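Visitor: Mind looking at a prediction? Sequence and model below.
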Amino acid sequence: MAYKTIIGLEIHTELMTKTKMFCSCTNAFGGEANTHCCPVCIGLPGALPVINKTAIEYAIRAGIALNCKINTHTRMDRKNYFYSDLVKGYQISQDDIPLCEGGHIEIETEEGTKKVHLERIHIEEDTGKQTHTTEGDTLIDYNRAGVPLIEIVTKPEMNTPEEARQFLENLRSTLKYIEVSDCKMEEGSLRCDVNINIVDSETGNKTNITEIKNLNSFRGAVKAMEYEEKRHIELLQKGENTVKETRRWDEVKGETISMRAKGTVADYRYAPDGDFAEIVLEDSWVDEIKNNLPELPHHKKERFIKDYDLSEYDAGVLTASKDLATFFEETIKYIDDSKLVSNWIMGDVLRRLKDEEIEIQDTKLTPKSLGDLIKIVKDGKINNNTGKKVLKEIFDTGKEPETIIKEQELVQISDEGALKEIVSKVLDENEQSIIDYKNGKDRAIGFLVGQIMKASKGKANPQMVNKMLIEMINER
Amino acid sequence: MDITKLSAFEMRKKISKKEISSKELVTAHFNRIEEVEKNINAFITLNKEEALKTAEKVDEKIKNGEQIGLLAGLPIGVKDNIVTKDLRTTCGSKMLENFIPPYDATVVTRIKEADGIIMGKTNMDEFAMGSSTETSYFGPTKNPIDTERVPGGSSGGSAAAVKSGEVALALGTDTGGSIRQPASYCDVVGIKPSYGIVSRYGAVSMANTLDQVGVFGRDVRDAVFMLSAITGYDKKDSTSFNNPEGTIIFGSFPEEIDYKDYLKGMKIGLPREFTYEGMDPRINEEITKSIKMFESLGAEIEEISLPHIEYGLAAYYIISTSEISSNLARFDGVKYGYRAKEYNTLDELYINSRTEAFGEEVKRRIMLGTYSLSRGYADDHYKKALKVRTLIKNDFDKAFSKYDIILSPTCPVLPFKLGEKVNDPLAMYMGDLFTVPVNLAGLCSMSIPCGYVEGLPVGLQIIGNRLKEANIIKAGLGFEGGVKNGL
């Protein structure tokens, strides 16, 4: 039997404006509880919202980057419901005229490139945050209330958890590229809900849609989708069906847990918010935003291939994260050799990042220190292996490569007299190897080079050693 | 001389000329309040200590020859749904019985900047829902003309305070007639400005697309004086007009102009739809007399038709209650205001707090509005009412392309007795018949005293187009001049 998985996503992203959506309170994450608040964002009687133009600009940026149509005549609506983290008894959101409509993100599948289409992107305000104490009290922090959000809704067009993961990765990369959100799932600046169900391709039988909430990482989201996929298929195989419900992903138990059935659909009594005038966007402003849009990932990749003569694969890796791409381009300013810089970053730098599960901007390595290091190696002042050691030292201490080389006396020995002395000594101690070499055992050379490097504490210039070694053996 | 009987404009002149001090003036008014308040109940909260302090500061400024503001030293009442920093603001409700706002409404800031003296917070129907000030949690206000009768509402406290000389000027709010109807009942002038020319920031929303802050004075000049101090763009209110037309300049109406010149050639429309069966015919007689005077002073009068007006009241009660249901959702007992003592769940906290702290009329309107916005009903109610609103707007636009002002009675009935209609909401709602279309269309309008029936005042409503306050002010000054001159 063939089962088809159907996945749709709803993503909430906080926009990194300086101030909140409708007041001048700071939009900084955290802070002492209820200190980033004013009459507007805590909904005091009489207070009125004034829209933050930058929030609209960021949302338009996202819309353009994700290929949406921008509605130049739009408005704010009220979504009415009661909850203690919601200060006014309604959320200012958008109903039937979202700021951005349509759009898509491309992902790679086994069958080739696939477009996952978007339903819409609308702007809205975030709610406060609740903490439940062990004594049974609920504490509310309204610092987050009124933080600008965009809600991105996809069409149900993803068919595997892997496709959904790719969609999320590409979305996050794009939003970070255009500098509208830092997309930190752990701080809640990117939150994702999944809608998933299964269709039996032969019978056409479908399971009821499950909504999965409380996903704190992409990895968790994939695991939750895989778990649900299996659960839905097993029920179908038994001739049963799922309940239309919302489930929560439990990371520790590795399973989804039912939160609430969706028996009755909530009625949010949407209505236009009369506290705002109609939002009319000048076409020229939208064009300006479009023209000033930061370079998108795929454009950057193409440019890297062309300008820096990189392979498609290398360019893809280097541009996957904006910070890494920027790091690459900054490094080239110090050492004009894009191939060499690419090799260093793709090799030891990325390995280090992967091992420590960190991002380039969270390390002590700077474009200048990497550029200087590569230049030093290229100039033959130290050899490649020593260079790798120095890189590790920079990661650990943040010191300049010159400093490390000086402190640890790592400068390559290229002085002919000094090298001769070392080689001569090693040859004296290893006469058997000379005999082996002369008898045609080329391996012996490798051993001798190793001994020379050891004796020079790795500082001997390898090219010179190789040349000198053959000459000196032949002299004996 | 009883200085509380002077017009605000005269008081201000005497202050400038140092004939009276602000402290004397404020003290005289507090004495007056003490004298009449037990019979009138125009105030929920008095601001005596602070008011006297401010008055002294104003006197100090005058003494030092510093520049003083337009409202310098004048005693002013502020309706209790307009927030005042550190001064209790209740909206006439148990819900906010102990609510002390941490900020000032923009209009309050402007009064303070103009050196006006805030005497206290005036009584009102709960959350401005009512036409008699009887739904106030703090007891009804009585009409100074006849204390057995209501002062109108919802800004009944402000109208009564101005009439009885407790203050010289007052702020009100008008969502469907809440300034004009009490002005009519208390025999004072009330102006509901065009939507957007006075900031709503800090005026607690009832129906936010209809609400507008406005003014009361004992004559047209006083009302305009007060209005000119509070109009103008406010960046804190997104619906505020950023347009010089939205600012009233008091100096545009100098005393030297002969009142007769204001009405010459003015084109006036009389809508034939502004009548209904329950209308008091004696009111119509007074209105007819007034219209004759406009004519005798050179205005051109024609009957006009506003065909969709008959649906105005229905559309108003659907739109306003829908907005009320959303605007009053924030009063949930969680962050401020009344919280029920007994509850076990979050839902119970909401339900018990709102059940215990909201009055009947507020609950009635929240329920009506929630219904009108609900899925399956919104299309037939809320959305249809919005369409009617557009049609009414179009009717007025058409009329104002030909006419400068429209005249009508302010109210179809005379001030009624306390308790007479409090249990008959529909009869109460009918009283808004002539006033609500103005709010639906965002127009400006004034109620001005025009005569008496058995000693009870009748108000004439002068309606102008959006941002055409100048027209209603001119009409008001011209008509008032005629009345004073015995025409």
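Guide: Alright, I've got the coordinates.
Visitor: And the residue of chain A that's closest to chain B?
Guide: Residue nearest to chain B within chain A: A:Gly89 (2.3 Å; Cβ to the nearest Cβ). In this view, the C-beta of every residue, glycine as well, is placed from N, C-alpha and C.
Visitor: Buried residues, the longest strand along chain A. List them.
Guide: Longest among the strand segments of chain A by residue count, using DSSP state E, is strand A:112-125. Going by neighbour count (16 or more other Cβ atoms under 10 Å in any protein chain shown), the buried part of strand A:112-125 is A:114, A:116, A:118-125.
Visitor: and the next element down the chain from the helix or strand bottoming out on mean pLDDT in chain B?
Guide: When the helices and strands of chain B are scored by mean pLDDT, DSSP states H and E, helix B:425-430 comes last with a mean of 86. Scanning forward in sequence from helix B:425-430 by DSSP states H and E, the next helix or strand is helix B:436-440.
Visitor: Next, the residues that contact that following helix from outside, please.
Guide: B:174-177, B:180, B:192, B:195, B:210, B:212, B:306, B:309, B:312-313, B:315-316, B:319, B:389, B:392-393, B:396, B:444-445, B:461, B:463 (Cβ atoms under 8 Å, 6 or more residues apart in numbering or on different chains).
Visitor: Go again with 6 Å.
Guide: B:176, B:210, B:309, B:312-313, B:316, B:389, B:392, B:445, B:463 (Cβ atoms under 6 Å, 6 or more residues apart in numbering or on different chains).
Visitor: which is the next helix or strand following it?
Guide: The helix or strand immediately downstream of helix B:436-440 is strand B:444-453, counting by DSSP H and E.
Visitor: Which strands and helices lie in contact with that following strand?
Guide: Counting contacts by 3 or more Cβ pairs under 6 Å, 6 or more residues apart in numbering or on different chains; DSSP states H and E, strand B:444-453 packs against helix B:180-186, strand B:189-192, helix B:281-296, strand B:456-464, helix B:469-484.
Visitor: at 8 Å instead, please
Guide: Counting by 3 or more Cβ pairs under 8 Å, 6 or more residues apart in numbering or on different chains; DSSP states H and E, the packing neighbours recorded for strand B:444-453 are helix B:180-186, strand B:189-192, helix B:220-230, helix B:281-296, strand B:456-464, helix B:469-484.
Visitor: Most tightly packed of these?
Guide: Among these, helix B:180-186 has the highest mean neighbour count (mean count of other Cβ atoms under 10 Å in any protein chain shown), at a mean of 35.
Visitor: for the closest residue to chain A within chain B, what are its contacts?
Guide: Among the residues of chain B, B:Ala329 lies closest to chain A, at 2.3 Å counting by Cβ to the nearest Cβ. By Cβ under 8 Å, 6+ apart, the contact set of B:Ala329 is A:80, A:82, A:88-90.
Visitor: same question, A:Ile376
Guide: A:382, A:387, A:390, A:401-402, A:405.
Visitor: how about 10 Å then?
Guide: A:335, A:382, A:386-387, A:390, A:401-402, A:405, A:410-412 (Cβ atoms under 10 Å, 6 or more residues apart in numbering or on different chains).
Visitor: can you check B:Ala223 too?
Guide: B:8, B:162, B:169-170, B:179, B:183, B:188-191, B:214-217, B:446-448, B:473, B:476 are the contacts of B:Ala223 under Cβ under 10 Å, 6+ apart.
Visitor: Kindly report the residues of the stretch 201-350 of chain A close to chain B.
Guide: A:265-277, A:279 (Cβ under 10 Å from any Cβ of the partner chain).
Visitor: same for the helix or strand hosting A:Ile140, what does it pack against?
Guide: Remark: A:Ile140 resides in strand A:138-141, with elements defined by DSSP H and E. Packing partners of strand A:138-141 (3 or more Cβ pairs under 10 Å, 6 or more residues apart in numbering or on different chains; DSSP states H and E): strand A:129-132.
Visitor: Give the pairing partners of the strand it packs on; include direction for each.
Guide: Here strand A:129-132 has these sheet partners by DSSP bridges: strand A:138-141 (antiparallel).
Visitor: List the buried residues in the strand it pairs with.
Guide: Quick answer for strand A:138-141 (16+ other Cβ under 10 Å): A:140-141.
Visitor: contacting residues for residue 35?
Guide: Looking at chain A here, since you left the chain open. A:Thr35 makes contact with A:25-26, A:141-143, according to Cβ under 10 Å, 6+ apart.
Visitor: actually chain B
Guide: Residues counted as contacts of B:Glu35 (Cβ under 10 Å, 6+ apart) are B:4, B:164-166.
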